[in-house]
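Undergrad: here you go, sequence then predicted model.
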Amino acid sequence: MNYLKKFSYSVIAVVVLVGFTVSAQAKEWRGWNIHPAGYPNTVGMDKFAELLSQKSGGKLQLKMYHSGTLGSQPDAIEQVRMGGLEIANFSLGPIGPIVPEANVVSLPFIFKDTNHVWRVLEGKAGEMINAGLAKKGLISLAWYDGGARSFYNSKKPIRTPADAVGMKIRVMENDLYTGMIRALGGNPTPMAYGEVYQSLKTGVVDGAENNWPSYESTGHYEVAKYHSDSLHLIIPEILAINVGVYNKLSAEEKKIIKEAAQESALLQRKLWKEREKASQAKVMAGGVVANEIPDKSAFQAAMKPVYAKFLADNPGLKTLVEMIQKTP
Ligand code: BDP
């Protein structure tokens, strides 16, 4: 063997050895996210992965899978609960059916605005929600902004609850949302996010409801041009990790992961505000017909049976609901 060959073999050996030691020590997680490139949550999760690696000197590695490539949201929630996936960004909407405490955020009109959401989540109510999540396998690392959701459809502007009568409206999988649409006299259709565009286009449903960034990024505005500013739901989004994975971390690793999550949330929230405006401008330029609903009291009054049923099914959550309502 000549010198050069010998030298390159030993370089290879060292590289392989170093590679093995790094991978033996490093934790490599998989992260789920439903949104596409450029979306505030996507940028936030990528930042989270970058910070994790940076702050841990490469020992905590997160590979993000965006655009729902690892499956639908209800499936991914199960995966993270069971440890098949380690980390994800979820809406609390589809978590509600599994974690009753987390379902209170899906009561229509319960929050005044996004700042009210943050005040609630940072207080005692937030602790109760986090405890409920932990019991079902999900540790909350940070909260992302999910904006306010409004109705849109392909038929006509919605100005009063009467305008929604008979409309087929897609909702996320949660009985509170089917109850909400029924209370308005519409026909709720629970459906996976990825199927909504085609269903709006072919008339399987007349409408749906979401925030401005999702209305825009999915292209729903192209096939459901009437947007009515009902702002009926303000649903926070969680950056969650599987409880078993979290509990095995050292105190130092827990600190790193919390810090990285919080920093990514600050970025996401900033980008969210910008994207809300940009998305609204883009859809308006694309021909959307938008109406405001200055007085929402008729919609709010229509939600009485939704609250009544929720409290009858979950008497133990009355205090939590009141706690949120009383949070200034
Ligand atoms: C978006 C949420 C996403 C949901 C989606 C939906 O960010 O998690 O899957 O709404 O309506 O705003 O399904």
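TA: Here it is on my side, so go on.
Undergrad: ok, now how distant is whatever residue of the stretch 151-300 of the chain ends up closest to the ligand from residue 217?
TA: Relative to the ligand, the nearest point of the stretch 151-300 of the chain is residue 193 (3.5 Å; C-beta to the nearest ligand atom). In short, each C-beta sits where N, CA and C put it, glycine included. Relative to residue 217, residue 193 is positioned 11 Å away (C-beta to C-beta, to the nearest Å).
Undergrad: which residues do the two both contact?
TA: Counting by C-beta atoms under 8 Å, 6 or more residues apart in numbering, residue 193 and residue 217 have no common neighbour.
Undergrad: where does pLDDT dip in the stretch 1-150 of the chain?
TA: With pLDDT under 70 as the threshold, the stretch 1-150 of the chain has low-confidence stretches at 1-24.
Undergrad: distance of the most centrally placed residue in the chain from residue 102?
TA: Nearest to the geometric centre of the chain sits residue 91, at 2.5 Å (C-alpha atoms, centre = their mean). For residue 91, the distance to residue 102 equals 10 Å [C-beta to C-beta].
Undergrad: and residue 32, by the same measure?
TA: In terms of C-beta to C-beta, residue 32 sits 17 Å off from residue 102.
Undergrad: one more: residue 211?
TA: Note on residue 211: its distance to residue 102, by C-beta to C-beta, is 19 Å.
Undergrad: likewise for residue 269?
TA: From residue 269 over to residue 102 (counting by C-beta to C-beta), the distance is 19 Å.
Undergrad: neighbour count: the two, which is higher?
TA: Using other C-beta atoms under 10 Å as the criterion, residue 269 and residue 102 rank with residue 102 on top: 24 against 17.
Undergrad: list the contacts for residue 54?
TA: With C-beta under 8 Å, 6+ apart, residue 54 has no contacts at all.
Undergrad: neighbours of residue 65, just the number please.
TA: The burial count for residue 65: 16, using other C-beta under 10 Å.
Undergrad: what bridges to it?
TA: When assigned by DSSP bridges, residue 65 has beta-bridge partners residue 32.
Undergrad: shouldn't it be in contact with residue 35?
TA: No - using C-beta atoms under 8 Å, residue 65 is not in contact with residue 35; the gap is 11.4 Å.
Undergrad: confirm residue 222 sits in a helix?
TA: Yes - under DSSP: H, G, I helix; E, B strand; the rest coil, residue 222 falls within a helix.
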